[in-house]
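Enquirer: Only the shape, not the letters, is given here:
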């Protein structure tokens, strides 16, 4: 695969996942202005979200913009990174992602699991003697 093809795939991925390229560039410019330790933290969150975050472009773009807002304010106030993300950064990001996921495959599968278990539990409740 040529570099041009790879660049095209990356651009398509970014457009699909984060939507408007202008929003993405603005977000990246904001992150670039952060102090190095805050920038490193935001880039780590970004990498994680790219794998496990919302699959709709508006949700992902909003999440990234809100993370940039949060870290810009924290940097301006001198808030330590651990005060932002806590002791478990995965838990922090997972909580963020839940607020921005609208029908991605993870949300659909979670709902499917919940529905299947609810249905199975309902059938079990109706058959106390264990018969089907």
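Expert: All right, it came through fine. Note that the structure is predicted; figures quoted are calculated from it, not measured.

Enquirer: For the protein, which residue occupies the most central location?
Expert: Centroid-nearest residue in the chain, with Cα atoms, centre = their mean: residue 53, separated by 2.6 Å.

Enquirer: May I ask which helix or strand encompasses the nearest residue in space to it that is not next to it in sequence?
Expert: Of all residues beyond its chain neighbours, the one nearest residue 53 is residue 97 (5.0 Å), with distances taken as Cβ to Cβ, 6 or more residues apart in numbering. From N, CA and C alone the C-beta is placed, and that goes for glycine too. Residue 97 is part of helix 89-100 when elements are defined by DSSP states H and E.

Enquirer: how far does that helix sit from the chain's center?
Expert: In terms of Cα atoms, centre = their mean, to the nearest Å, the centre of helix 89-100 is set 7 Å apart from its chain centre.

Enquirer: What are the neighbouring residues in contact with residue 30?
Expert: Contacts for residue 30 (Cβ atoms under 8 Å, 6 or more residues apart in numbering) come out as 68, 72.

Enquirer: That one and residue 69, how far apart?
Expert: Separation of residue 30 from residue 69 (Cβ to Cβ, to the nearest Å): 9 Å.
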